[in-house]
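*Asks:* Give the three-dimensional model of this entry:
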Amino acid sequence: MRVFDVRFNDERIVYELSVQEAMSVYGSVTPGMILTNFLDSSIGIGRFAHELVRGVDCPYEASYVDTYRYIDVPKPVRFRNSICIFEHNMGQPLRRHFSDFFHHSYGGMVNSALVFRTITAIGNYDYMWDFIFYQSGSVAEKVLGNIHTHFINFKVDLDVLGVKNFFQTKDMEYVNVSLPWMPDHYAMVPQLVEKQLKTEKVGLPLCL
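*Replies:* Okay, here's the model as predicted:
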């Protein structure tokens, strides 16, 4: 699937949005499978985009578009309703704020996105290709957003197939890096660090 000349308020924001490749690389203890890999573009991806089922593959009320296959056929073959276009409520507000400091007020906006979807069945693999266009518009003039970090801790204690599980933590550590725009200057920036611990009492931070 390819989409060209995507515009917002008549200003181009995307020249081309397209699927270029779907690759499968296998791993195995046998010589045959360990060397197996597939580049699906070599046999064609869009040629396997068959008709979508209303109410299952896409919402029933979606708009549907036909596609045509030109390769390996004596004349073009039409695939009815092989691309669907619909608006989707993401189930979470795009923005919302309730204020009770000086006066009571609420402002919110539905997070609806425009979805272009096609599904290709290549052998035993079904690929669902979604191009999702959001309406966030998160950057604007005269808007200041200072960079800052919020730390929120969760604990999920799972015993999956018994109690012999790994205990892994994800934490932030600061590292000294060179600034890309001023290579001679350095700054301490946060970096994600994963650690595997032997017990739950080792290396846990104190959270207040």
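*Asks:* ok, now which ones touch the nearest residue to residue 36 once chain neighbours are set aside?
*Replies:* Spatial nearest neighbour of residue 36, chain neighbours left out: residue 26 (4.2 Å); criterion: CB to CB, 6 or more residues apart in numbering. Just so you know, the C-beta spots here come from the backbone N, C-alpha and C atoms, and that holds for glycine as well. Residue 26 makes contacts with 33, 34, 36, 37, as judged by CB atoms under 8 Å, 6 or more residues apart in numbering.
*Asks:* How about residue 44?
*Replies:* By CB under 8 Å, 6+ apart, the contact set of residue 44 is 71, 72.
*Asks:* Which parts of the chain are helices?
*Replies:* 31-34 (DSSP state H).
*Asks:* Could you give the number of residues near residue 94?
*Replies:* Residues near residue 94, counting by other CB atoms under 10 Å, number 16.
*Asks:* go on, the one 10 residues further on?
*Replies:* Counted with other CB under 10 Å, residues neighbouring residue 104 total 8.
*Asks:* got it, and the one 10 residues further on?
*Replies:* Other residues near residue 114 come to 13 when the count uses other CB under 10 Å.
*Asks:* Next: residue 58.
*Replies:* 22.
*Asks:* coming back round to it: quick one: pLDDT of the residue nearest to residue 36?
*Replies:* Here the pLDDT value assigned to residue 26 is 78.
*Asks:* swap in residue 107?
*Replies:* Residue 107 is assigned a pLDDT of 91 by the prediction.
*Asks:* which residues does it form a beta bridge with?
*Replies:* residue 97 (DSSP bridges).
*Asks:* One more: residue 83?
*Replies:* Judged by DSSP bridges, the bridge partners of residue 83 are residue 65.
*Asks:* Return the helix or strand in the chain with minimum mean pLDDT.
*Replies:* Lowest on mean pLDDT, DSSP states H and E among the helices and strands of the chain sits helix 31-34, with a mean of 70.
*Asks:* Which positions in it come out as buried?
*Replies:* Of all the residues in helix 31-34, not one is buried under the rule 16 or more other CB atoms under 10 Å.
*Asks:* what residues are up against the closest residue to residue 61 other than its chain neighbours?
*Replies:* Counting by CB to CB, 6+ apart, residue 61 lies nearest to residue 86, which is 7.1 Å off, once chain neighbours are set aside. By CB under 8 Å, 6+ apart, the contact list for residue 86 reads 58, 59, 61, 62, 63, 114, 115, 117.
*Asks:* Distance check, residue 86 against residue 121.
*Replies:* According to CB to CB, to the nearest Å, residue 86 and residue 121 sit 21 Å apart.
*Asks:* Residue 159 too?
*Replies:* 38 Å.
*Asks:* One more: residue 63?
*Replies:* Noted for residue 63: a distance of 22 Å to residue 121, by CB to CB.
*Asks:* go on, residue 99?
*Replies:* Taken as CB to CB, the span from residue 99 to residue 121 is 51 Å.
*Asks:* what does residue 21 give?
*Replies:* Distance, residue 21 to residue 121, by CB to CB: 17 Å.
*Asks:* what's the answer for residue 189, then?
*Replies:* With CB to CB as the criterion, residue 189 and residue 121 are 44 Å apart.
*Asks:* repeat for residue 175
*Replies:* Distance of residue 175 to residue 121, given as CB to CB: 45 Å.
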